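S.K.: next one to model:
(one chain, ligands or ions: 2)
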Amino acid sequence: MKDDHTPHSKKITRREMLYRTGAGGLGLLIGASGVGSITALGKTSSEKPAAAENQIPFYGKHQAGIMTKQQTYVYLISMDITTNKLADIRDLFKEWTVASEKMAMGNLIGDYSDNLYIPPEDTGEATGLSASRITFTYGFGSSFFEKEGSDRFGLAAKKPNQLQALPSFPGDEIEKEWTGGDLCVQVCADDQQVAFHAIRNLLRIGRGIVTLRWMQSGFLRSQQSGKKDSTPRNLFGFKDGTVNPNTEEDFNNIVWSNGAEASWMKNGSYMVMRRIRMLLEVWDRTHLKDQQATFGREKVSGAPLGQEKEFDDVKLDKKDSDGKPAIPMDAHVRLGRGDGSQKILRRSYSYSSEMDPARAQLDAGLLFLCFQKDPFKQFVPIQKRMAQSDHLNEYIRHIGSAVFACPGGTKKGGYIGDSLF
Ligand SMILES: C=CC1=C(C)c2cc3[nH]c(cc4nc(cc5[nH]c(cc1n2)c(C)c5CCC(=O)O)C(CCC(=O)O)=C4C)c(C)c3C=C
Ligand SMILES: [Fe+2]
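M.R.: Ligands and ions are numbered 1, 2, ... in the order given. The predicted structure is shown next:
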């Protein structure tokens with residue numbers, strides 16, 4: 001796809017010039033009148049590795065980054081829209097589409113230019129790096145459709161009922177600056193520099209249309225440092241992600257919308273984000289028996305208590321030698337499972353925001369991310385049970401919360417979210 005939105009295109013559009021220079025930067029020196037006629041002398045980087053095995057296609061039925069096997073790093077950003085023109089947003093999504101597809105293929109977002117008087121099209125730090133299984137997952141927040149009672153872009157009638165702020169749960173300590181947002185992008189990759197490069201350039205493209213509201217990075221163990229495809233461990237040292245949907249049938253039943261609530265959401269999914277601080281210092285003083293009882297699983301093997309191996313069935317009726325439930329009544333896995341009627345796809349990452357200066361303690365936790373057909377029928381009932389009686393609550397604090405509707409995938413020739421616009 002090559003059109004006027006393509007950063008590849010040799011003609012530089014006015015908007016593109018603004019994001020490349022910054023509204024108050026070199027663009028003003030060049031002068032707006034000349035902008036439309038400036039031609040960049042394109043030169044493709046000779047440092048591009050051809051590592052097709054590290055590429056995850058951008059185009060497809062579903063957005064990548066949901067069913068994709070988890071990469072090592074994530075950046076999740078939430079943005080607010082500063083324009084009131086729907087056309088600007090459409091154009092932005094077209095530009096993001098072109099840029100995302102290029103980066104998913106391991107390319108920079110623009111050719112090198114010999115023009116010494118404009119900033120390069122790409123910031124450059126991913127030069128020579130492979131695609132690193134980078135994925136892009138875009139989502140719309142409730143405030144995209146309606147803000148302070150106003151139908152900002154004439155799309156309020158298309159807002160699905162599933163897209164609402166979550167209720168507050170007992171024990172929540174949500175900080176306003178870690179909530180909501182009009183749009184989100186989740187970028188995941190096996191290389192942190194590749195992921196950061198992507199986020200930075202998407203924001204650069206969006207300059208003047210969106211502002212950053214919050215941003216959280218996250219990490220998992222890498223594939224190189226342990227047994228390949230092993231379940232990652234969270235910062236409490238437990239395997240996290242053992243019980244999760246993994247067949248196409250599971251995904252159809254649990255994750256993908258069939259579009260009944262809003263046709264533009266067909267093959268999409270609803271993302272819930274919870275920023276959960278983990279009280280590492282308290283946990284580290286807790287004895288092993290209590291740690292295992294908290295989750296209802298063994299720490300080293302990950303086996304359910306009363307069983308032997310990680311993937312053995314969780315037997316909630318099983319009794320220990322004293323006749324007590326092998327998995328305590330307040331264990332996290334018991335409350336997570338309930339009667340088994342609500343399921344979610346968990347795709348969380350650990351985070352570390354260095355230190356909390358007020359307490360001189362580590363500021364770290366879980367960037368809890370899950371995907372589902374309907375957060376109010378899936379995440380909410382599970383979290384209600386947990387908020388009431390989960391033993392884990394002694395060791396965690398929910399401090400951020402957001403819901404985004406992530407539409408289905410983009411077809412070649414189309415652009416992200418075109419089913420909505
Ligand atoms: C409301 C949803 C959930 C939140 C919030 C949540 C937070 C959270 N979880 C862990 C660690 C583990 N969770 C595990 C299992 C598990 N967790 C949820 C849901 C939420 N967790 C579910 C639905 C399940 C699966 C239950 C089941 O059917 O067995 C486990 C066990 C291993 C596994 O299956 O992944 C761990 C460990 C933390 C540390 C945390 C907040 C910081
Ligand atoms: Fe959990």
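
S.K.: list the neighbouring strands of the helix or strand hosting residue 371 plus their orientation.
M.R.: Element membership for residue 371, per DSSP states H and E: strand 361-372. Here strand 361-372 has these sheet partners by DSSP bridges: strand 269-278 (antiparallel), strand 345-346 (antiparallel), strand 349-356 (antiparallel).

S.K.: in stretch 135-152, what counts as buried?
M.R.: Neighbour counts using 16 or more other Cβ atoms under 10 Å place 135-145, 147, 152 of stretch 135-152 among the buried residues. (Each C-beta comes from the backbone N, C-alpha and C, glycine too.)

S.K.: pull up the gap between residue 261 and ligand 1, please.
M.R.: Relative to ligand 1, residue 261 is positioned 21 Å away (Cβ to the nearest ligand atom, to the nearest Å).

S.K.: just the element for residue 385, please.
M.R.: helix 379-389.

S.K.: packing partners of whatever helix or strand comes next after that helix?
M.R.: Sequence order places strand 396-406 as the next helix or strand after helix 379-389, per DSSP H and E. Applying 3 or more Cβ pairs under 8 Å, 6 or more residues apart in numbering; DSSP states H and E, one finds that strand 396-406 makes contact with strand 135-140, strand 183-189, strand 269-278, strand 361-372.

S.K.: residues contacting whichever residue of the stretch 1-150 of the chain sits closest to ligand 1?
M.R.: Closest to ligand 1 within the stretch 1-150 of the chain is residue 70: 12.3 Å, counting by Cβ to the nearest ligand atom. For residue 70, the contacting residues are 188, 220, 232, 241, 347, 349, by Cβ atoms under 8 Å, 6 or more residues apart in numbering.

S.K.: filter the residues you listed to the buried ones?
M.R.: Buried members of the contacts of residue 70, counted by 16+ other Cβ under 10 Å: 188, 220, 232, 241, 347, 349.

S.K.: of those, list those near ligand 1.
M.R.: On the criterion Cβ under 6 Å from any ligand atom, residue 241 are the entries of these that sit beside ligand 1.

S.K.: what is the nearest of the buried ones among the contacts of residue 70 to ligand 1?
M.R.: For the buried ones among the contacts of residue 70, the nearest to ligand 1 is residue 241 (4.7 Å; Cβ to the nearest ligand atom).

S.K.: hang on, the closest one in a strand?
M.R.: No - going by DSSP: H, G, I helix; E, B strand; the rest coil, the assignment for residue 241 is coil, not a strand.

S.K.: you'd agree it is up against residue 229?
M.R.: No - judged on Cβ atoms under 8 Å, residue 241 makes no contact with residue 229 at a distance of 11.0 Å.

S.K.: okay if I get the helices and strands packed on strand 396-406 as JSON lines plus distance to residue 251 and mean pLDDT?
M.R.: As requested, these are exported to JSON lines (distance: least, Cβ to Cβ, whole Å; pLDDT from 0 to 100):
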{"stretch": "strand 135-140", "distance to residue 251": "15", "mean pLDDT": "98"}
{"stretch": "strand 183-189", "distance to residue 251": "17", "mean pLDDT": "98"}
{"stretch": "strand 269-278", "distance to residue 251": "9", "mean pLDDT": "98"}
{"stretch": "strand 361-372", "distance to residue 251": "9", "mean pLDDT": "97"}
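
S.K.: if we can go back for a sec, quick one, the strand holding residue 371 and helix 379-389 angle?
M.R.: 140 degrees (axes from the mean of the first three to the mean of the last three Cα atoms, to 10 degrees).

S.K.: and strand 361-372, how far from the chain's centre?
M.R.: The chain centre lies 11 Å from the centre of strand 361-372; the measure is Cα atoms, centre = their mean, to the nearest Å.

S.K.: so which residue of the protein comes closest to ligand 1?
M.R.: As assessed by Cβ to the nearest ligand atom, ligand 1 sits closest to residue 336 within the chain, at 3.0 Å.

S.K.: what packs against the helix or strand containing that residue?
M.R.: Using DSSP H and E, residue 336 sits within helix 332-337. Judged by 3+ Cβ pairs under 8 Å, 6+ apart, the packing partners of helix 332-337 are helix 288-295, helix 379-389.

S.K.: who wins for proximity to residue 123 among the ones you listed?
M.R.: Residue 123 lies closest, by Cβ to Cβ, to one member of those: helix 379-389, at 35.8 Å.

S.K.: give the buried residues for the closest one.
M.R.: Buried positions in helix 379-389, judged by neighbour count with 16+ other Cβ under 10 Å: 379, 380, 382, 383, 385, 386, 387.

S.K.: contact partners of that helix?
M.R.: 166-167, 169-172, 272, 274, 329-330, 332, 335-336, 338, 342, 344, 370, 372, 392-393.

S.K.: which residue lies nearest the spatial centre of this structure?
M.R.: Of all residues in the chain, the one closest to the mean position by Cα atoms, centre = their mean is residue 186, 3.1 Å from it.

S.K.: which parts of the stretch 101-250 of the chain sit against ligand 1?
M.R.: Counting by Cβ under 6 Å from any ligand atom, the stretch 101-250 of the chain comes close to ligand 1 at 234, 236, 238, 239, 240, 241, 242, 243.

S.K.: state the number of residues packed around the last one.
M.R.: Residue 243 has 17 neighbours, counted by other Cβ atoms under 10 Å.

S.K.: surely it is in contact with residue 310?
M.R.: No - Residue 243 lies out of contact with residue 310 (Cβ under 8 Å); the separation is 9.9 Å.

S.K.: quick check on residue 96: phi, psi?
M.R.: Dihedral angles phi and psi of residue 96 (degrees, to the nearest 10) take the values phi -60, psi -40.

S.K.: do residue 121 as well
M.R.: phi -70, psi -30.

S.K.: tell me, how many residues neighbour it?
M.R.: 23.

S.K.: next one: residue 323
M.R.: Per other Cβ under 10 Å, the neighbour tally for residue 323 reads 6.

S.K.: next, it: secondary structure please.
M.R.: Secondary structure for residue 323, judged by three-state DSSP, is coil.

S.K.: now stretch 109-126 - C-alpha only, PDB.
M.R.: Output of stretch 109-126 as PDB, limited to C-alpha atoms (Å, rounded to 0.1, in the frame of the first residue of the first chain):
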ATOM      1  CA  ILE A 109       9.600   3.200   9.100                       C
ATOM      2  CA  GLY A 110      11.200   5.200   6.400                       C
ATOM      3  CA  ASP A 111      14.100   5.200   4.000                       C
ATOM      4  CA  TYR A 112      17.300   7.000   4.900                       C
ATOM      5  CA  SER A 113      17.400  10.400   3.300                       C
ATOM      6  CA  ASP A 114      20.400  12.400   2.000                       C
ATOM      7  CA  ASN A 115      18.500  15.600   2.800                       C
ATOM      8  CA  LEU A 116      20.600  17.200   5.600                       C
ATOM      9  CA  TYR A 117      18.000  19.800   6.400                       C
ATOM     10  CA  ILE A 118      15.200  17.700   7.700                       C
ATOM     11  CA  PRO A 119      15.200  15.100  10.500                       C
ATOM     12  CA  PRO A 120      15.400  11.400   9.300                       C
ATOM     13  CA  GLU A 121      12.100   9.700   8.800                       C
ATOM     14  CA  ASP A 122      13.000   7.000  11.400                       C
ATOM     15  CA  THR A 123      14.700   7.600  14.700                       C
ATOM     16  CA  GLY A 124      17.300   4.900  13.900                       C
ATOM     17  CA  GLU A 125      17.900   2.900  17.000                       C
ATOM     18  CA  ALA A 126      16.400  -0.300  15.500                       C
END
